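In: build me a model:
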Amino acid sequence: MGILAGIAWTALAVGIAAAVALSALRVSDQRHAETVWKALWVEAKQDAAEFDPAIVDGLPEPARRFFLYTIGEGVPLRTVAEIEMEGEIGLGDRFDPRYLAMRGHQVIAPPHGFVWKLEAGSGMMSMAGSDGFAGSRSWVRFWLLKFLPVVRKGGNPDHVRSAFGRVVAESVFFAPAALLPGKGVEWEAVSPDTARATVIYRDMVPSVAVSVDEEGRPHTVVIPRWSSANFEKSYRVQPFGGRLSEFRSFEGYMLPTRIEGGNFIGTPDYFPFYRAHVLSIRFTEES
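Out: Presented below is the predicted three-dimensional model:
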């Protein structure tokens, strides 16, 4: 009986130690995400010039229409946005999407970084965590039932490069002023309705193609992204992007409130694992 009691007490002690360690790790994850979140808002505290349509006169016609539609004349050129959203996130593939309801809260400050905090699912499939990039670091950290770490990625140049691709793509969605010409951004024509922006940041040079309608409303965004989201799980360049609709005005910016996105856009393998309804966008930090 004494031996069995000793084993039981040892197992209990090990279990308590593991629980404490996991709790500390989760708190560390949350603090890191909050620290990066606050640092990105520093970008918003700079004095912002106002949008003058003459800035885009020399751009390819689709790019010019894009900016004239998305940014109102005289609107402060804000490059940091905070977004609240709800929708679905798919954990499967196009044959078996396994969508979970999700709610997200994000800050994006192109080209410096982003933090996306997510809660998804319910019951035994309840997940929470964050996805982010800043400087030379990136991460994906998600927890099942707020207790078990189920995804922990990042910490290498491949992942940083992939995460920066998301920053560039989502600049079109949420922070178009960050893509105005100059400061490491160059535009070129692709077709009468599509223009491509190349963003130069540190040693990364991704490009994003934006397709617009006659008014300049963007409807499709495609980026050749460095990604391991493929069958081989190996990093390579592959199409990533989204489709935008249901635009609303947010502080003078016309931005989409319906967004779907995923890997292999424009091919038969496209799987829109991200389907979001934007609830709010703001360009000044809450006091």
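In: now do the strands in this structure.
Out: 81-90, 99-109, 113-120, 127-134, 137-144, 148-154, 185-191, 194-199, 207-212, 218-227, 236-250, 253-263, 271-282 (DSSP state E).
In: worst average pLDDT in the ones you listed?
Out: Note on these: lowest mean pLDDT is at strand 148-154, with a mean of 84.
In: which one of the strands of the chain lies closest to F174?
Out: Among these, the nearest to F174 by C-beta to C-beta is strand 81-90 (4.5 Å). The way it works is simple: take the backbone N, C-alpha and C, and place the C-beta from them, glycine included.
In: helices and strands around that closest one, which ones?
Out: Packing partners of strand 81-90 (3 or more C-beta pairs under 8 Å, 6 or more residues apart in numbering; DSSP states H and E): strand 99-109, strand 271-282.
In: export those to TSV and tack on mean neighbour count?
Out: Listed next are the helices and strands packed on strand 81-90 as TSV, based on neighbours: other C-beta atoms under 10 Å:
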stretch	mean neighbour count
strand 99-109	20
strand 271-282	18
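In: I200: which of those strands is closest?
Out: For the helices and strands packed on strand 81-90, proximity to I200 was assessed by C-beta to C-beta; strand 99-109 is nearest, at 16.7 Å.
In: the closest one to strand 127-134, inter-axis angle?
Out: 30 degrees (axes from the mean of the first three to the mean of the last three C-alpha atoms, to 10 degrees).
In: so what touches strand 99-109?
Out: With C-beta atoms under 8 Å, 6 or more residues apart in numbering as the contact definition, strand 99-109 has outside contacts at 37, 40-41, 43-44, 79-91, 114-122, 125, 127, 167, 170-171, 174-175, 275-276.
In: gap between it and the chain center?
Out: Offset of strand 99-109 from its chain centre (C-alpha atoms, centre = their mean, to the nearest Å): 8 Å.
In: in contact with the residue minimising distance to the centre of the chain, which residues?
Out: Among the residues of the chain, the one closest to the centroid is R166, at 5.3 Å (C-alpha atoms, centre = their mean). Counting by C-beta under 8 Å, 6+ apart, R166 makes contact with F114, F133, R225.
In: tabulate these (JSON lines), appending distance to E188 and neighbour count.
Out: Shown next, in JSON lines, are the contacts of R166 (distance: C-beta to C-beta, whole Å; neighbours: other C-beta atoms under 10 Å):
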{"residue": "F114", "distance to E188": "25", "neighbour count": "28"}
{"residue": "F133", "distance to E188": "25", "neighbour count": "28"}
{"residue": "R225", "distance to E188": "19", "neighbour count": "24"}
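In: need these in TSV (columns: distance to E251).
Out: Conversion of the contacts of R166 to TSV gives the following (distance: C-beta to C-beta, whole Å):
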residue	distance to E251
F114	19
F133	24
R225	29
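In: what's the span of stretch 116-124, first residue to last?
Out: 22 Å (C-alpha to C-alpha, to the nearest Å).
In: chain center to that stretch: distance?
Out: Relative to its parent chain, stretch 116-124 has a centroid offset of 16 Å by C-alpha atoms, centre = their mean.
In: change the start of the numbering to 593 and stick with it
Out: Right, with 593 as the first residue, what we last looked at is stretch 708-716.
In: show me the contact partners of that stretch.
Out: With C-beta under 8 Å, 6+ apart as the criterion, stretch 708-716 contacts 625, 681, 692-698, 718-724, 734, 737.
In: can you rerun that using 6 Å?
Out: Applying C-beta atoms under 6 Å, 6 or more residues apart in numbering, the contact partners of stretch 708-716 are I681, L692, M694, R695, G696, H697, Q698, M719, A720, S722, D723.
In: from these, which two are the most distant?
Out: Of all pairs in those, the most separated under C-beta to C-beta is L692 and Q698 at 17.4 Å.
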